[in-house]
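A.B. asks: Sharing a model that was predicted from the sequence below.
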Amino acid sequence: MSAYALIIAGSVAIVLSYVYGELAKRTNIPSVLMLILTGIVVGRVYPVDQSSLFQPLEVLGIIGLIMIVLEGALDLELSREKLPLIKRSLWVAALGIVGCMVIIGFSLYYIFEMSVEQSLIYAAPLAVISSAVVIPSVENLKGDDKEFLIYESCLSDILGIMFFYFVIGLAENSNKANAVADFTINLIATIVISLIAGFGLVILFKYIRTNVKIFLFIAILILLYGVQKLLHLSPLILILFFGLILKNHELVFRGRLANLATRMELKLMERNFHIITRETAFVLRTFFFIVFGLSMVLESLLDLQALALSVVITGSIYFVRHTLLKSFNKKCRNINVLTIMAPRGLITVLLFYNIPPELTTDKFPESIILFIILFTSLVMSAGLIRGGRRANAEEGLPSVG
């Protein structure tokens, strides 16, 4: 394909993604689902070598995940009144991953006769909620429900990655006590480094005089992410902390720290970052899910065993989630809406492709990944459409979709 054809194709993809976003607002059908289907259709019309798409898919996914978590963090306000909400989202995210990993892992262990560690490694990607799907899908929600889902999805991404590599460490290390100790040390080091780096980057912004600042800082963030990743740390914590410090600068820069940066400088920095991250996340999300659709082998969807297991896994995901929400969100009126907001997506694909070669197995059908992404997206779509109709009916407005 010529360079001009690629430019045209990329431009058409972005325009389509914008159209899908507008359709998603009106119909509550996730734009991510439309992007995947677009990739599948394009792949059938213009066949491509699927193996050549894995590295571009991984690069798009990593940078997209950074931008999406940063975008979500810049939407979150911290205050004493928000602490109960943050605690609930943390407990639901953590216990949701653990619960799903146990149930899904047992299913894989029993059906495919994997080892315990291997079954948990394959279960981890399927246990993580995708912030890449949740964040653009909650625009029509209001108040605590929206904030809860943003917190939970971002924390789910971070905790899911941590649990994933923790289980890999257990599988690769014969001394389980050493594996647990290494994980604990890495977690503490990550939190300390992330706090220092996040605070330092916000201060550094004041002293850089060039007019080109935002992409410079994004490059620094990606650089630090890559370095922390090579050191086997959890770099998404850095991204989350940086976004939270920038968004809630009035809580950090006060007292003796108030003179380090003016309120106007920090507010301008926050606004510029918000614009750039939102636009960049939109573009990266577009290309990631289209390329993911291109990489799909549709013949694998004819595997009836994988289809049946995917239905069981999807059911277990919502069972665990509904149980946790009833326990931790007892006063929530929209528990059914929150329950269906458990899509799998970008992070699931990324983790699946990061399973070490020595721990992979041919017994696991890759079509399960696509089935789970499609099923959870469809359930979320149906739930949002139903919730939108109910809200319109209560307000006396015509239903949409």
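C.D. replies: On my side now, so go ahead.

A.B. asks: Which elements pack onto the helix or strand where residue 199 lies?
C.D. replies: Secondary-structure assignment from DSSP states H and E places residue 199 in helix 176-207. For helix 176-207, the elements it packs on are helix 143-172, helix 214-230, helix 236-247, helix 249-252, helix 263-294, judged by 3 or more CB pairs under 8 Å, 6 or more residues apart in numbering; DSSP states H and E. C-beta: built from backbone N, CA, C; applies to glycine.

A.B. asks: from memory residue 109 sits against residue 122, does it?
C.D. replies: No. Between residue 109 and residue 122 there is no contact under CB atoms under 8 Å: 9.6 Å.

A.B. asks: quick one, which of the two is more surrounded?
C.D. replies: Comparing residue 109 with residue 122 by other CB atoms under 10 Å, the one with more neighbours is residue 122, at 27 against 18.

A.B. asks: can I assume the more buried one is in contact with residue 348?
C.D. replies: No. Using CB under 8 Å, residue 122 makes no contact with residue 348, being 11.1 Å away.

A.B. asks: quick one, what contacts residue 98?
C.D. replies: Remark: with contacts taken as CB atoms under 8 Å, 6 or more residues apart in numbering, residue 98 is in contact with 127, 163.

A.B. asks: From residue 109, how far off is it?
C.D. replies: Going from residue 98 to residue 109 by CB to CB, to the nearest Å gives 16 Å.

A.B. asks: Now do the contacts for residue 344.
C.D. replies: Applying CB under 8 Å, 6+ apart, the residues near residue 344 are 125, 126, 128, 129, 130, 133, 372, 373, 376.

A.B. asks: what's the closest of those residues to residue 282?
C.D. replies: For the contacts of residue 344, the closest approach to residue 282 (CB to CB) belongs to residue 133, at 13.3 Å.

A.B. asks: Around the closest one, how many other residues sit close by?
C.D. replies: Residue 133: 29 neighbours (other CB under 10 Å).

A.B. asks: Surely it is in contact with residue 347?
C.D. replies: No. The criterion here is CB under 8 Å, and residue 133 misses it with residue 347 at 9.4 Å.

A.B. asks: Which residues are in contact with each of those two?
C.D. replies: With CB under 8 Å, 6+ apart, residue 133 and residue 347 have no common neighbours.

A.B. asks: Contact partners for residue 282?
C.D. replies: 17, 21.

A.B. asks: Tell me the spacing between it and residue 112.
C.D. replies: Taking CB to CB, one finds residue 282 at 38 Å from residue 112.

A.B. asks: Need the contact partners of the host helix or strand of residue 5.
C.D. replies: Using DSSP H and E, residue 5 falls within helix 3-27. Helix 3-27 is contacted from outside by 1, 29-31, 34-35, 38, 136-137, 139-140, 282-283, 285-287, 290, 385, 400-401, using CB under 8 Å, 6+ apart.

A.B. asks: Neighbours of residue 267, how many?
C.D. replies: 13.

A.B. asks: Sketch out the low-pLDDT regions of the protein for me.
C.D. replies: Applying pLDDT under 70 to the chain picks out residues 1, 50-51, 140, 143, 206, 210, 253-264, 329-333, 386-401.

A.B. asks: repeat that for 50
C.D. replies: Per-residue confidence of the chain (counting by pLDDT under 50) places the weak regions at 391-393, 397-401.

A.B. asks: Which residue is the nearest non-sequential neighbour of residue 103?
C.D. replies: residue 316 (4.5 Å; CB to CB, 6 or more residues apart in numbering).

A.B. asks: Apologies, that question was intended for residue 243.
C.D. replies: Nearest one to residue 243, counting by CB to CB, 6+ apart, is residue 73 at 2.6 Å.

A.B. asks: In stretch 90-101, which of the residues would be classed as buried?
C.D. replies: 90, 92, 93, 94, 95, 96, 97, 99, 100, 101 (16 or more other CB atoms under 10 Å).

A.B. asks: can those go into CSV with extra columns for distance to residue 231 and secondary structure?
C.D. replies: Below are the buried residues of stretch 90-101 laid out as CSV (distance: CB to CB, whole Å; DSSP: H, G, I helix; E, B strand; the rest coil):
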residue, distance to residue 231, secondary structure
90, 25, helix
92, 29, helix
93, 24, helix
94, 23, helix
95, 28, helix
96, 28, helix
97, 23, helix
99, 30, helix
100, 28, helix
101, 25, helix
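
A.B. asks: now, among those, which is nearest to residue 242?
C.D. replies: residue 90 (18.8 Å).

A.B. asks: Setting aside sequence neighbours, what's the nearest residue to the closest one?
C.D. replies: Leaving aside its chain neighbours, residue 90 sits nearest to residue 155 (5.7 Å; criterion: CB to CB, 6+ apart).

A.B. asks: Look up how far residue 347 lies from the one you found.
C.D. replies: For residue 155, the distance to residue 347 - CB to CB - is 12 Å.

A.B. asks: More neighbours: which of the two?
C.D. replies: residue 347 (28 against 25).

A.B. asks: Could you tell me how many residues sit around residue 304?
C.D. replies: Residue 304 has 8 nearby residues by other CB under 10 Å.

A.B. asks: residues near residue 14, how many?
C.D. replies: Neighbours of residue 14 using other CB under 10 Å come to 13.

A.B. asks: correction: residue 16
C.D. replies: Residue 16, neighbours per other CB under 10 Å, totals 16.

A.B. asks: now do the one 4 residues further on
C.D. replies: A total of 22 residues lie near residue 20 under the criterion other CB under 10 Å.

A.B. asks: Can you give me the distance of it to residue 33?
C.D. replies: 9 Å.

A.B. asks: Same check on residue 157?
C.D. replies: 19 Å.

A.B. asks: Looking at those two, which one has more neighbours?
C.D. replies: Per other CB under 10 Å, whichever of residue 157 and residue 33 has more neighbours is residue 157, with 28 against 23.

A.B. asks: which outside residues touch stretch 181-194?
C.D. replies: By CB under 8 Å, 6+ apart, stretch 181-194 touches 162, 165-166, 169, 173, 228, 231-235, 237-238, 240-242.
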